[in-house]
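Undergrad: Below is the sequence, then the predicted model.
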Amino acid sequence: MKAAQPAPVPGTGPTALEDWKRRNGLTPETRVFCITGAFPGVRKALLARGWYENEDKQSRCWDLKYALWQRDLGEMAELEDTQVVNYFARNAELTSKVGLCNSLYNCCTLDRVDVDAFYPRSYDLTSPVQATQFVEDFQLTTCRCLLRRFLQLGGHLAEQGGRAYPAQVIEVALNVCRRQVQSVDDALDEAPGEAISAEEWSVIKDWSLKTPGKRLEAKKTAKAEVKAIEATLEEAEA
């Protein structure tokens, strides 16, 4: 027994598009597109190729629809096989920043690919784990930057005069960076430790990268934001 077919949606289907072309004085071979949102480049490229624009955003008569939001396309299941759109199922896994970030780092486990070699380091701050990783990455990057600035200054310390960093700051930054490049074989017998401790960060964090020798003064608003972030992380870890 043959299953019942769903009723066609009014104003859709090949016949509806053919009728629409006829009413607008177009040949059956003319391709029709519809755009929602500001995409002047896409519109210009299609018009240059001989496509015709259906300016009725609600119309279902088109061969291609380029939409800003997926909801502008209606129900994906109701599209004709000949209709093309700029969305696909779960496209946010690639087209959104957080989706692309998570997809890349999840897929890198399938092969030995260093995502950071071709994609900017990114973190999903709605994830407590990744938020913690972001803070750690920021702290480690600060240590590396301090050492670079130290070398740019010719390796001079504050004790030697001029605007430079104290010896303790350089020593802590150097120790942190040394741990990062330590061979795995040399650390197998050691218990896993922090990349950078709270005590080490307290020595590093108050020194300016832009103006060596200058201590930073945290603004009240910045302090409040830091406390809010720390409270969020503590709550997520509890």
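TA: The structure has been received and is ready for your questions. Bear in mind that the values here come from a model prediction, so they are computed numbers and not experimental data. Numbers count the residues shown, from 1 in each chain.

Undergrad: got a pLDDT number for the nearest residue to residue 208 once chain neighbours are set aside?
TA: Nearest non-adjacent residue to residue 208, counting by CB to CB, 6 or more residues apart in numbering: residue 214, 4.3 Å away. Bear in mind the C-beta positions are built from the backbone N, C-alpha and C, glycine included. The model reports residue 214 with a pLDDT of 82.

Undergrad: Next: residue 177.
TA: If you check residue 177, the pLDDT there is 92.

Undergrad: what's the answer for residue 196, then?
TA: Model confidence at residue 196 (pLDDT) stands at 92.

Undergrad: State the distance from it to residue 135.
TA: Using CB to CB, to the nearest Å, residue 196 is found at 10 Å from residue 135.

Undergrad: okay, these two: which has more neighbours?
TA: Neighbour count, other CB atoms under 10 Å: between residue 196 and residue 135, residue 196 has more, with 22 against 18.

Undergrad: Domain parsing of this protein, as residue ranges.
TA: 14-89, 91-122, 125-184+193-237 (automatic domain parsing).

Undergrad: got the contact list for the residue nearest to the spatial centre of the chain?
TA: Centroid check for the chain by CA atoms, centre = their mean gives residue 97 as the closest residue, at 3.0 Å. Residues in contact with residue 97 (CB atoms under 8 Å, 6 or more residues apart in numbering) are residue 122.

Undergrad: Could you report the distance from it to residue 148?
TA: 28 Å.

Undergrad: shaky segments in the protein?
TA: Along the chain, segments meeting pLDDT under 70 span 1-14, 89, 91-92, 108-110, 157-162, 184-192, 218-226, 232-233, 235-238.

Undergrad: for this protein, which helix is longest?
TA: Ranked by residue count under DSSP state H, the longest helix found in the chain is helix 128-152.

Undergrad: And it, how far out from the chain middle?
TA: Relative to its parent chain, helix 128-152 has a centroid offset of 19 Å by CA atoms, centre = their mean, to the nearest Å.

Undergrad: go on, stretch 30-43?
TA: How far stretch 30-43 lies from its chain's middle: 26 Å, per CA atoms, centre = their mean.

Undergrad: Show residues contacting it.
TA: 17, 20-21, 26, 46, 50-57, 59, 61-69, 72.
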